[in-house]
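> quick one, structure for this:
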Amino acid sequence: MAKLEVSKPAKAKSAHRMTVPDASKALGDSLRKIGAKGIDLGEGYVLVKIRRPKQLAHHAREKDAAYVPRQLPGVPVVSSADLQELIQRFQRTHTMQAGISTIPPENQVFLDQFSRQEMQRYASLEKKGELVDSRTLAEQIGVTRQAISKAVTEQRMFSMDSVSGKKLYPAFFADPTLNRRQLSKVNKELGQLAGSSKWQFFTTARMSLNGSSPLNALRKGKFADVIAAATAFREA
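As a prediction, the model looks like this:
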């Protein structure tokens, strides 16, 4: 699930030119049709159940085929933490309107599955050394674990929860090819976004950075561009 924002195409300069279909209108019509079949979470977010193709459904009967979230080009990923907050916000509104106090079972199942998949991904990143615990990061940087904790509190760093419940930190904070002060400023620009969202921002290629991830853009000296991308990502 992602929040889509599409700008309206410019008007044709000449009335004699071939009429171009209004892409924003077509997308708007499609979203309205989708919204009619899903749950409107507000702020442009709609939760929709995607039905499996018959071929995949047949395969799933023989072997369990788990749903794997995919990212649309140019559309920011919504982390499980952000998704849970959105659903809970919808649920609070629904509760006030209908007097219902329980979370719909299908919503909870969706959240639980999404969270399990995210935890598995973090475990894989920890195994690769891309996420480390506070002791390891402190040793790599040459500071105390208390200093790491303070940096997180001041939003100069961020952490994510592992399957076991311990905090994991991006190893790129100790990468000698990156300017740690610039990393801190970018992290602050991302504000109070969940750690999973910040990880996604730093490590994913972005169209606004000509296909580079913010980390690679920082290595190329494009600090100002990365700050602008962080601002747009936070406000999306």
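> give the contact list for residue 123.
162, 163 (C-beta atoms under 8 Å, 6 or more residues apart in numbering). Any C-beta I mention is one placed from the backbone N, CA and C, and that applies to glycine too.
> read off the pLDDT value for it.
pLDDT recorded at residue 123 is 83.
> mind checking how far residue 115 is from residue 126?
Distance of residue 115 to residue 126, computed by C-beta to C-beta, to the nearest Å: 16 Å.
> the more surrounded of these two?
residue 126 (19 against 15; other C-beta atoms under 10 Å).
> quick check: the more buried one touching residue 169?
No - between residue 126 and residue 169 there is no contact, the gap being 10.2 Å when judged by C-beta atoms under 8 Å.
> list residues touching both of those two?
Counting by C-beta under 8 Å, 6+ apart, the residues touching both residue 126 and residue 169 are residue 132.
> any idea how far residue 174 is from residue 122?
Distance from residue 122 to residue 174, by C-beta to C-beta: 18 Å.
> my bad, should have said residue 130
11 Å.
> looking at those two, which is more packed in?
Neighbours were counted for residue 130 and for residue 174 using other C-beta under 10 Å; residue 174 has more, 18 against 15.
> what residues are up against that one?
Counted by C-beta under 8 Å, 6+ apart, residue 174 has contacts 137, 140, 141.
> distance of it from residue 235?
Distance from residue 174 to residue 235, by C-beta to C-beta: 29 Å.
> go on, residue 132?
30 Å.
> of these two, which one has the most company?
residue 132 (19 against 7).
> my guess is the more buried one contacts residue 168, does it?
Yes - at 6.7 Å, residue 132 and residue 168 qualify as touching, with contact defined as C-beta under 8 Å.
> overlap in contacts of these two?
With C-beta under 8 Å, 6+ apart as the test, residue 132 and residue 168 both reach residue 126.
> which helix or strand in this protein has the lowest average pLDDT?
helix 54-62 (a mean of 51; mean pLDDT, DSSP states H and E).
> contacts for the strand or helix carrying residue 225, please.
Per DSSP states H and E, residue 225 falls inside helix 223-235. For helix 223-235, contacts defined as C-beta under 8 Å, 6+ apart pick out 76, 179, 182, 185-186, 189-191, 193, 201, 206, 208-209, 214, 217-218.
> longest helix of the chain?
helix 105-128 (DSSP state H).
> for the nearest residue in space to residue 211 that is not next to it in sequence, list the residues it contacts.
Sequence neighbours aside, residue 205 is the residue nearest to residue 211 in space, at 5.2 Å (criterion: C-beta to C-beta, 6 or more residues apart in numbering). Residues near residue 205 by C-beta under 8 Å, 6+ apart: 211, 212, 213.
> for PyMOL, write the selection for the buried entries among the residues you listed.
Buried residues within the contacts of residue 205, by 16 or more other C-beta atoms under 10 Å, are selected in PyMOL with:
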select buried, resi 212+213
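> is it possible to export the contacts of residue 205 to TSV including distance to residue 162?
As requested, the contacts of residue 205 are exported to TSV (distance: C-beta to C-beta, whole Å):
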residue	distance to residue 162
211	30
212	28
213	23
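> tabulate the contacts of residue 205 in JSON lines, adding columns for pLDDT, distance to residue 149 and secondary structure.
Putting the contacts of residue 205 into JSON lines (pLDDT from 0 to 100; distance: C-beta to C-beta, whole Å; DSSP: H, G, I helix; E, B strand; the rest coil) gives the following:
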{"residue": "211", "pLDDT": "92", "distance to residue 149": "35", "secondary structure": "coil"}
{"residue": "212", "pLDDT": "94", "distance to residue 149": "31", "secondary structure": "strand"}
{"residue": "213", "pLDDT": "95", "distance to residue 149": "27", "secondary structure": "coil"}
